[in-house]
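*Asks:* quick one: sequence and predicted model below, then my questions.
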Amino acid sequence: AQSVSQHNHHVILSEAASLELGCNYSYGGTVNLFWYVQYPGQHLQLLLKYFSGDPLVKGIKGFEAEFIKSKFSFNLRKPSVQWSDTAEYFCAVNYPGSARQLTFGSGTQLTVLP
Amino acid sequence: DTGVSQDPRHKITKRGQNVTFRCDPISEHNRLYWYRQTLGQGPEFLTYFQNEAQLEKSRLLSDRFSAERPKGSFSTLEIQRTEQGDSAMYLCASSPSGGVQGEQYFGPGTRLTVT
């Protein structure tokens, strides 16, 4: 079955530290890739997306992600986190043949200490 | 607010009762999705509508679950004879035609607790 793996379940960082959250998917062909974020008490919001072109994509709030096809990865990065980045982060993949549904990873809870 | 809305936000019900949730997508979004999210997991796809047509259903959607979108606008998700395992957050999302496949806008969810 097609799947999405997020290996970090909970990450704790101090403000200004750099962030990298891992995401791996299980299909060798063309996929659309997404990172969604859920801030405390809020609904899921799109952070960034990749569907073609430059494998380094930039999203909102200074986040970026790099698509590495050979590693089946789409890792999320931010050079310097802020307390307001505390949230749960979900990687999601739209696999071909799956209509338009998303397959989500289990999420990574990021806690940024002030 | 022009985002996706869901009603109710919370529902507590006794095992065996039927419940119905409503989702209002973003205006003019012709695609609508239902997901279920349990604690510590990401959302899992349940079903997808394009306009009023239900085009895909997950095997997670047992016979006790039914979803409708009669006029291609709002949608309802009904769970009959609820079980404790149905306790979860039920999320609705919508997307426009022509958008990036997989890019969806989510509502706040309905949290169901079955006692």
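*Replies:* Nice, I can see it. The structure presented is a predicted model; accordingly, all values stated were derived computationally and were not measured. Numbers count the residues shown, from 1 in each chain, chains lettered A, B, ... in the order given.

*Asks:* for the rest of this, base every contact and every neighbour count on C-alpha atoms.
*Replies:* Fine.

*Asks:* any residues of chain B in contact with chain A? List them.
*Replies:* B:33, B:40-45, B:48, B:56, B:100-109 (Cα under 8 Å from any Cα of the partner chain).

*Asks:* out of those residues, which sit inside strands?
*Replies:* Among the residues of chain B next to chain A, the ones falling in strands (DSSP state E) are B:33, B:44-45, B:48, B:56, B:105-106.

*Asks:* and residue A:107, what does it touch?
*Replies:* Contacts were defined as Cα atoms under 8 Å, 6 or more residues apart in numbering or on different chains; by that measure residue A:107 touches A:6, A:9, A:88-91, B:40-42.

*Asks:* name the element the closest residue in space to it that isn't next to it in sequence belongs to?
*Replies:* Once flanking residues are discounted, residue A:107 sits nearest to residue A:90: 4.5 Å by Cα to Cα, 6 or more residues apart in numbering or on different chains. Using DSSP states H and E, residue A:90 falls within strand A:87-94.

*Asks:* report the distance from the following helix or strand past that strand to the chain centre.
*Replies:* Elements were assigned by DSSP H and E; along the chain past strand A:87-94, the next helix or strand is strand A:103-104. Centroid separation for strand A:103-104 versus its chain: 11 Å, with Cα atoms, centre = their mean, to the nearest Å.

*Asks:* listing partners with orientation, what would you give for strand A:103-104?
*Replies:* Its sheet considered, strand A:103-104 pairs with strand A:87-94 (antiparallel) by DSSP bridges.

*Asks:* give me the lowest-pLDDT entry from the contacts of residue A:107.
*Replies:* Least confident by pLDDT among the contacts of residue A:107: that is residue B:40, with 87.

*Asks:* need the phi and psi values for that one.
*Replies:* phi 80, psi 10 (degrees, to the nearest 10).

*Asks:* and the pLDDT at the nearest residue to it once chain neighbours are set aside?
*Replies:* When the adjacent residues along the chain are set aside, residue B:40 lies closest to residue A:106, with 6.6 Å between them (Cα to Cα, 6+ apart). Looking at residue A:106, its pLDDT reads 96.

*Asks:* and the residue nearest to residue A:105 when sequence neighbours are not counted, how many neighbours?
*Replies:* Nearest non-adjacent residue to residue A:105, counting by Cα to Cα, 6+ apart: residue A:4, 4.8 Å away. By other Cα atoms under 10 Å in any protein chain shown, the residues close to residue A:4 number 23.

*Asks:* would you agree residue A:4 is in contact with residue A:95?
*Replies:* No: assessed by Cα atoms under 8 Å, residue A:4 is found out of contact with residue A:95, at 10.5 Å.

*Asks:* common neighbours of the two, please.
*Replies:* Contact criterion Cα under 8 Å, 6+ apart; residues shared by residue A:4 and residue A:95: residue A:103.

*Asks:* strands of chain A, start to end?
*Replies:* Using DSSP E, strands in chain A cover A:4-5, A:10-14, A:19-21, A:24-25, A:32-38, A:45-50, A:56-58, A:64-68, A:73-78, A:87-94, A:103-104, A:108-113.

*Asks:* try chain B
*Replies:* Along chain B, counting by DSSP E, strands occupy B:5-7, B:10-13, B:19-24, B:31-37, B:44-50, B:53-57, B:65-68, B:75-79, B:88-95, B:105-106, B:110-114.

*Asks:* relative to strand B:75-79, how tilted is the third one?
*Replies:* Angle, strand B:19-24 to strand B:75-79, by axes from the mean of the first three to the mean of the last three Cα atoms, to 10 degrees: 160 degrees.
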